[in-house]
Every structure is written in C-alpha cells, then in structure tokens.
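# my questions concern the predicted model and sequence given below.
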Amino acid sequence: MTLLPVLPILIPLCTACLGMLFYRSLRLQQWVSLFGAGALLVVSILLLVIVHRDGMIAVHSGSWAAPFGITLVADLFGAIMVLLGAITAAAVVVYSIASVDSIRKQYLYHPLVHVLMAGVCGAFLTGDIFNLYVCFEVLLLSSFVLLALGSERGQLEGAIKYVTLNLFSSAVFLSAVGILYGAVGTLNMADLSLKVAQAAQEGRDGPLTVVAMMFMIAFGIKSAVFPLFFWLPASYHTPPFAVSALFAGLLTKVGVYAMIRVFTLIFTHDVGFTHSILLWVAALTMITGVLGAASQGEFRRILSFHIVSQIGYMILGLALFTPLAIAGSIFYIMHHIIVKANLFLVAGVAHLIRGTSDLGRPGIVGVYASAPIVALLFMIPAMSLAGVPPLSGFWAKLILLRAAVDERAFLYVAIALLVGIMTLFSMTKIWAEAFWKSPGESADNENSHDDAPPAKPPRTPFTMLAPIAAMALLTVLIGLGAQPVFELAQRVTDDLLTPSRYIHTVLGSPDAAPSGDAP
Amino acid sequence: MNSTILQTATRYLLPLLLVVSLVIMLQGHNKPGGGFIGALIGAAGFALHGMAFGPKATRTALRVDLVWLMAAGLAMAIASGLFAVVEGSAFLTGQWGSVHVPGFGSIKVGTPLLFDIGVYCVVLGVVMSIVLALLEE
C-alpha cells in the first residue's frame, strides 16, 4: 500500500535501468520497454481504482513526516493524469517499434522515453513544490535529448528554441520556489496552502501575488499559453512522429496540471486578480493558436498550433473558477491527451503512405485511396478535436461553454465557439489535402485500375496501426460514456475546490499538523 | 592536446582528485558533500585525463562502459529505497546495520550510503559521456 503511489515513478526508472543494461541488444531493449510500459499501465489503472474507491493516498518517502520530508500524494486528479500518461506511453512505445530507426534506438531511445515518463508521473504525484521542479527537470532533460536525438538540421533548430525557452521557464520556476520558501518557510504543497492563506489573512500578500505571477509565467511557458507559446510550433514537428506524439500528449499537459494544482490549492487568496489574468490569457491563447494553425500547410505544424489553442480551453476552465468550469477543464485534459497524441501518430502513418507531410504538394494521392482504414482512424480524433458530437471533444467543449454561460462570460463563449469552427476548418483542410485527394485530380492515369496509385505506398506495419485504433476507440468510448467520465471530473473538481481534504491527507488531522509559527 | 606538463600533472592529479571525490561522497552523510558533488570532482579528474591523453585513453582508463555505469548506479539508488519496502516502511526509509571490521571495530552501514554510491555512478556516467562526446567531436 505504501509502495503503490511510488510505483508509477519506480517502474519507468527500473525499465530505463534495464534498457540501459541491455543497450547492446535492440531486441531485448524493445521487450524491456514494452514490458515496462505495460506494467506502468497496469499499475496506474490499479492506482486509479484504489484512489477512486478509498480516497487519496499520501506517502512520506523516507518516513520523514509531512512538511519536512518529501510527500507523494495520489489524489484522484493525479491518478487520472498518471493513467492518461501511461496510456500515451504504452501507445507510443508500441508505435515506435516500427517507426523509430535503429540508430536512435542504439542511442538509448527507449530508456529515455521511460525516464521522461518517470518525470511525468513524478510531477503528477508529488506533493512538494520543489520536488515538482525536480520532476519537471527530469522530464525536460530527457525531452531535450529525445528532441535532438538524430541530429538532423531541422531538429537542432527546433531543439535550440525549445531548450532556451524551457530553461528560462525553469529558472523562473526555481526563483519562484525560492522566494516562496523565503516568504512562508515551507515547500510542502499542503502546508503551503495553509501558510499562504494565513499570510494573506495577515495582509502579507504582496510578495505572494508576485510569486503567483512567477509561477504563472513558468507554467505558462511549459504549457504554451498566449505570449509564451512560440517554442512549441517551432519544435514539435521536427523529431520522429512517436516522440512528437508523446510530447504533444503529455508535456504541455504537465504544465496545465501544475497550473491547475497551484492555482486551486495554493494561490487562491486573490482570485479576482490572478484568475482574471488567466481568463485573458486563455482567450488570447485560443485565438492565436487557431489562427496560427490556419496559416500553416504542414501536417504536424497545424497540429502543433492546435495544441496551443486547445490549451486555451483548459486554462479557460481554470480561469472561470466555478466547479462546473474546472470539471470542464479536467474533462478537456482527459479528452485532449488521448486525441492529440493519436493525431500525431496518424500523421506518422500518413507521412509513411504519402512520403511527405506537406499538404499542398501536387501529384501526391491522398491516403484514402490506398488505406481507407487509416483515413477513418484520422477522422475520429480529428472530429473529436473539432468538437463534433458524439465524440469526446464535443462534451468537453459543451461543459466549458455551459460553465461560461452560467458565469455570463458571453465574450468567451463566442470566442470558444469561433475557435471550434476554425478547428473544424483546419481538420477538414488536412482531411481534404492529405486524405481525400483522389488519384484522378493529381495523376493522369485515371481509368487504369491495376496501378491506380503511381508508386505503391509501403504497407503500414500493424504495430503502428494498433495503438492508433486503440486510442481512437478510447476517444469514442469517452464520447459515448461521457456521463461517468464527467462524474469522475466532478469528483476531481470537488477534491480540488476543497483543499482541506488534501491538506488533511498529507498533514494528518488538523490538530496534529505541526504548526510553523516558530520564526 | 599533447602537452608534457599537462600529462605529467594529470598523472598526479587524477588519483588525488579521485580520493577527494570519494572522501566528499562519504562525508556527505552528515556534512556538506554527497554522491552528486563527489562524482563531479571525480569527473573533473577524468575530464583532465581526457584533455591530456585524449578521449580514447580515458575510455580505457575508466574501465567500465559508461552506459552500464549509469544503469548500475540507477539500480543501486532504486534498490536502496526498496530495502525499506521489504521491511514494511515507506520507500527510501533508511535501513541500518553494522559490519564488524577486524582491527577497527564495528562500522554502521546503511542504505543511504548505497543511495549515494548510486548517485555517484549515475552522475559520473552522465558527465563523462557528455565530456567524452565533446572531446571526440
């Protein structure tokens, strides 16, 4: 029981360790990696089931009591995020069997993916803000290597922007942690929640608002919100498709997770100020992201800009700060991780079949002609992203819009709707250019059935199709079973908006909580 | 670089740096130090060796494959945490025992030491991989 919340961090680390030991044999590495991803998936399902049944679990690693030692907290939000991470990781590991070249695998591709996962799961489970920083660093460092692995020209160009901006964000994050520690004298998030509220009551909230803004900037860069997003579309289209999918699904969402955690648990002393900034940020993020996407003509660049615009929706829910809105954000994250990672995986298959990721290239036949199944598998996440009922994205948007209407924030309702239509436009653009384009329009040999596609496209390996199909199925399931998923999101929200539960789980009962009144 | 002065100095400095790095690692338990900075000092020694004699010579001098060194270090760090789990307490809780060394008395050894050695190996492996990759460019 005390081991369970540690396992999602330990399993990827052990997998990475074994993968490094067997790094000479690619086959063995692959099996270790698959096994590790499977184990992580099983454990995260178990963790979610147990947390859902028995409530949150706090483990004090090293048996050092709460505000001093490092606490791992598996609450419902964290457990759901770990499960989503594990699903993405499993899909990506299976997908990379055939799609990632053996040179990258020799240079420890698989162990790096698992180290990244250790960082991601650690960020979702930690109850200590400095430890959160450490987990961010772990996942960033391995993402740097994954991004640059292969050293192609475009990759390095993207990696430089990615590394610079993310290091800057880490510096801001670390400074904010330092100032916060100086101001209230603790790093444990549950304890911080108490101390920050106490300090705000005593009128010492000046530095706290500054620190809150620093956290907003740091997490804003990581989650790619409005003025700080440009590193993302500059880098996400450069690495192998499997790596893009992993990054697109998880990395920005770690930033959003941290933002939601910090701005529901710790910095709620001046909601009128912090959350109205977030509201503007959300609106501008949605608009700029979707406009950026409309101007692009490359598969993954369009998708990258859409990550930005979708992040806007998640922040919108947090910014409105009503129970329904936050539940909408949580639902949106659950839907988005699956859908976005899947779209990048489909982009890889489309690239394999068409030989290019550029959309407007003349003379290239659409995917539909040779692989209608792949086209269908693109359609599901794409329509879900655009918010077509009954897929998951529709419900996510519906909940957020309903919350915005309840708050009479009609401007934001209008923006969200407009951005939804623009998303549909982008998705149909990809559909028309990359998938639908018939041989007749581009090639001149119309009626010859035997060699309709000029050059026979390579067969798509089963290991690339299976994860895509599984994720598409999951999208449909979230869409059809929206009610239970929404109830789950509501329970998460309930926990998030009642920080006392989190605090009691970590620090014990209120009287037993060690008071830090001593100067 | 082929400098006799640097090469001769390195022959004396490398063992010295390695001893210092081990001392720093061991005293890290209750004084400033620890596996991380210990390994950085050790890596400084090997980096010096790499500059004086070339990266190829350093790889032979290191004797172990760097990837394996990292993997072994990671394994030790994880294992040091798991001892406590077997015992029934939280992950990473320190477990202590004593070893009797003839002519010296008994020495307390515990899992934090294993953790530090693990960190030492990982950091040495990572830093040396980077340094040697740069020297080989």
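Here it is on my side, so go on. Bear in mind that the values here come from a model prediction, so they are computed numbers and not experimental data.

# tell me how far the closest residue to residue A:358 other than its chain neighbours lies from residue A:361.
Closest residue to residue A:358 apart from its sequence neighbours, by C-beta to C-beta, 6 or more residues apart in numbering or on different chains: residue A:298 at 5.6 Å. Where C-beta positions appear, they are placed from N, C-alpha and C, glycine not excepted. Using C-beta to C-beta, to the nearest Å, residue A:298 is found at 10 Å from residue A:361.

# quick one, longest helix in chain B?
Ranked by number of residues, the top helix in chain B under DSSP state H is helix B:111-136.

# near the residue in chain B that chain A sits nearest to, how many other residues are there?
With C-beta to the nearest C-beta as the measure, residue B:71 is the residue of chain B nearest to chain A, at 3.6 Å. Neighbour count for residue B:71, taken as other C-beta atoms under 10 Å in any protein chain shown: 23.

# which positions within the helix or strand encompassing it qualify as buried?
For residue B:71, the host element (DSSP states H and E) is helix B:66-87. Residues of helix B:66-87 classed as buried by neighbour count (16 or more other C-beta atoms under 10 Å in any protein chain shown): B:66-67, B:69-78, B:80-85.

# returning to what we had before: spit out the contact partners of the residue nearest to residue A:358.
By C-beta atoms under 8 Å, 6 or more residues apart in numbering or on different chains, the contact set of residue A:298 is A:237, A:357-359.

# cutoff 10 Å now
By C-beta atoms under 10 Å, 6 or more residues apart in numbering or on different chains, the residues touching residue A:298 are A:233, A:237, A:304, A:347, A:356-360, A:430.

# quick one: low-confidence residue ranges for chain B.
B:1 (pLDDT under 70).

# please list the residues of it that sit near chain A.
Neighbours of chain A within chain B, by C-beta under 10 Å from any C-beta of the partner chain: B:65-79, B:81-82, B:84-85, B:88-94, B:111-112, B:115, B:122, B:125-126.

# name the residues of stretch A:107-125 that come out as buried.
Applying 16+ other C-beta under 10 Å to stretch A:107-125 flags A:108-125 as buried.

# and for stretch B:88-100?
Buried residues in stretch B:88-100 (16+ other C-beta under 10 Å): B:89-95.

# so which residues make contact with that stretch?
A:2-3, A:5-7, A:9-10, A:59-64, A:69-72, B:29, B:77-78, B:80-87, B:105-115.

# how about 6 Å then?
The contact list for stretch B:88-100 (C-beta atoms under 6 Å, 6 or more residues apart in numbering or on different chains) reads A:2, A:6, A:59-63, B:81, B:83-85, B:106-112.

# re earlier: counting by contacts, list what the longest helix of chain B packs against.
Secondary-structure packing of helix B:111-136 (3 or more C-beta pairs under 6 Å, 6 or more residues apart in numbering or on different chains; DSSP states H and E): helix B:35-53, helix B:55-62, helix B:66-87.

# can you tell me the residue of chain A closest to chain B?
Counting by C-beta to the nearest C-beta, chain A gets nearest to chain B through residue A:20 (3.6 Å).

# assumed that residue was part of a helix.
Yes: counting by DSSP: H, G, I helix; E, B strand; the rest coil, residue A:20 is part of a helix.

# my read: it touches residue B:67, true?
Yes: assessed by C-beta atoms under 6 Å, residue A:20 is found in contact with residue B:67 at 5.1 Å.

# quick one on the thing from earlier: if we go by neighbour counts, what in the longest helix of chain B is buried?
Under 16+ other C-beta under 10 Å, the buried positions of helix B:111-136 are B:111-128, B:131-132.

# just the angle for that helix relative to helix B:66-87, thanks.
160 degrees (axes from the mean of the first three to the mean of the last three C-alpha atoms, to 10 degrees).

# now helix B:111-136: how far from the chain's centre is it?
6 Å (C-alpha atoms, centre = their mean, to the nearest Å).

# what angle do helix B:55-62 and that helix make with each other?
160 degrees.

# skipping adjacent residues, who's closest to residue A:235 in space?
Residue A:235's closest residue in space is residue A:158 (C-beta to C-beta, 6+ apart), at 3.3 Å.

# that neighbour in helix, strand or coil?
helix.

# what does residue B:98 give?
strand.

# what bridges to it?
Counting by DSSP bridges, residue B:98 is bridged to residue B:108.

# beyond the helix or strand of chain A with the lowest mean pLDDT, next helix or strand please.
The weakest-scoring helix or strand in chain A, judged by mean pLDDT, DSSP states H and E, is helix A:439-442 (a mean of 55). Under the assignment DSSP H and E, the closest C-terminal helix or strand after helix A:439-442 is helix A:462-480.

# any idea of the mean pLDDT in that following helix?
On average, the pLDDT along helix A:462-480 is 92.

# which elements pack onto that helix?
By 3+ C-beta pairs under 6 Å, 6+ apart, helix A:462-480 packs against helix A:76-99, helix A:323-354, helix A:372-386, helix A:392-406.

# quick one: contacts of that helix?
With C-beta under 6 Å, 6+ apart, helix A:462-480 has contacts from A:91, A:94-95, A:97-99, A:335, A:338-339, A:342, A:345-346, A:349, A:377, A:380-381, A:384, A:390-392, A:485.
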